[in-house]
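Undergrad: Using only what follows, build the 3D model:
(chains A and B, ligands or ions: 1)
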Amino acid sequence: MKSSPALFACVFGALLWATVVYAGEMVELRIETVLASNDSPYFDTRLEDIWRQVSSTPYNSYRLMQEERRKVEWGNQVDFSLPGGRVLQVVPKHFASERIALQVMIMEGAPPTPLMKTALSIKNHGTLFFGGRRHQDGTLIIRIGAATDE
Amino acid sequence: MIACAHAQRLLPLLYDGELESPLRRELSRHVTDCSVCTRTVALLNRSQELLCQTIDDHIDDVDFSGFWQGVEAKLSQPPPFWRTRVSGWRESWLAFWSWRTPVWATAMAVIVLAAVQFLLPPSPQEQVTKSLVSENNQAQIESLSTSNPVLVWNEPTHHATVIWVGDESMEEQR
Ligand SMILES: [Zn+2]
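TA: Coordinates of the predicted model:
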């Protein structure tokens, strides 16, 4: 999946068409996890569009570690596994004034305990970043995107 | 005894009444005995006179009609990107060193308090509730709780919000 984003996009597009009837009641969440570090300069070409956004962070190496998209119903909780045994919990709450309200919790440790919890809203098709957690010899930067056809 | 070169650097402060008593007395004594410093004080007097005269001459020509609109426009602008804020702090910090002791001591205390509030971990599960006015990509944060140091800023190009949850070493990195 990671090695073939184009194929993934096609498959995803087909799935999207297949579920178009339900599209209005669903929200698509997209989670991308980047490992930023000060290793030898490295830039993942898949990060083209994130780059302009994360370039304000003081690292010289950015690697895309994982990418995941899920379509969920409003009010349902989705758990995304993050590197280092962390868990990202997202609950899309509702859609109003062109904005998607989200409840986001990051858990870490064994067993995972809440590290940060926030309730916020982003515009439809907008993004939001979480960062700062150490992983290996770098820092994780997580981009959350949310979109709905409502 | 105060050296003339040192006295020259302190004269503007003496002139503005910003020196503490013992130093002020010592410097005043030096000025009365030193022709160079006496001349500098005379120059300061003269430039002050010229400045006041110029302001008086032009004050009536200044158009203040759009002044409050300008202030209001500034106030409604979103808060600056965090780096700008940090460099703002740094500049004001540097400026304080050239001020007299009580002023910068007080200001430093204020800055330290502000920094402590902004950077140090709040007590566990403390609720930090704020609502950021949204503009384009900016997130509207209703509530945020963590027991770790947290920074929130908007990245400069798309204004997407970045929530940085650091650990204890975050302050060392900064
Ligand atoms: Zn002198």
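
Undergrad: Okay, strands next: where are they in chain A?
TA: Secondary structure of chain A (DSSP state E): strands located at A:26-37, A:42-43, A:61-73, A:78-82, A:86-96, A:99-108, A:113-123, A:126-135, A:138-147.

Undergrad: For B:Ser143, find the nearest of these.
TA: Ranking those by proximity to B:Ser143 (CB to CB) places strand A:113-123 first, at 4.8 Å. Bear in mind the C-beta positions are built from the backbone N, C-alpha and C, glycine included.

Undergrad: starting at the chain centroid, how far to that closest one?
TA: Relative to the centre of its chain, strand A:113-123 is centred 13 Å away, using CA atoms, centre = their mean, to the nearest Å.

Undergrad: cool, stretch A:126-139 as well?
TA: Worked out by CA atoms, centre = their mean, stretch A:126-139 lies 11 Å from the chain centre.

Undergrad: try stretch A:69-77
TA: Distance, stretch centre to chain centre, for stretch A:69-77: 13 Å (CA atoms, centre = their mean).

Undergrad: now do stretch A:62-70
TA: Distance, stretch centre to chain centre, for stretch A:62-70: 7 Å (CA atoms, centre = their mean).

Undergrad: I'd like the average pLDDT over the biggest strand by length in chain B.
TA: Counting by DSSP E, the longest strand found in chain B is strand B:140-146. In this model, strand B:140-146 has a mean pLDDT of 90.

Undergrad: List the pairing partners of that strand within its sheet, with orientation.
TA: strand A:113-123 (antiparallel), strand B:127-128 (antiparallel) (DSSP bridges).

Undergrad: just for chain A, where's the confidence low?
TA: Counting by pLDDT under 70, the ranges of chain A that qualify are A:1-24, A:48-57.

Undergrad: residues contacting the residue most central in space within chain A?
TA: Closest to where the C-alpha atoms of chain A average out (CA atoms, centre = their mean) is A:Ile31, at 1.7 Å. Residues near A:Ile31 by CB atoms under 8 Å, 6 or more residues apart in numbering or on different chains: A:Gln66, A:Glu67, A:Glu68, A:Arg69, A:Phe80, A:Leu88, A:Val90, A:Ile142, A:Arg143, A:Ile144, A:Gly145.

Undergrad: can you rerun that using 6 Å?
TA: The contact partners of A:Ile31, by CB atoms under 6 Å, 6 or more residues apart in numbering or on different chains, come to A:Glu68, A:Phe80, A:Ile144.

Undergrad: From the ion, how far out is it?
TA: 69 Å (CB to the ion, to the nearest Å).

Undergrad: ok, what's across the strand from that residue?
TA: What pairs with A:Ile31, by the bridge criterion (DSSP bridges), is A:Glu68, A:Ile144.

Undergrad: how much space between it and A:Gln136?
TA: Distance of A:Ile31 to A:Gln136, computed by CB to CB, to the nearest Å: 19 Å.

Undergrad: A:Arg63 too?
TA: Distance from A:Arg63 to A:Gln136, counting by CB to CB: 10 Å.

Undergrad: So between those two, which is more surrounded?
TA: Remark: of A:Arg63 and A:Gln136, A:Arg63 carries more neighbours, 16 against 12, as counted by other CB atoms under 10 Å in any protein chain shown.

Undergrad: Just give the closest residue to the more buried one, not the sequence neighbours.
TA: Nearest residue to A:Arg63 in three dimensions, chain neighbours excluded: A:Leu35, at 4.8 Å (CB to CB, 6 or more residues apart in numbering or on different chains).
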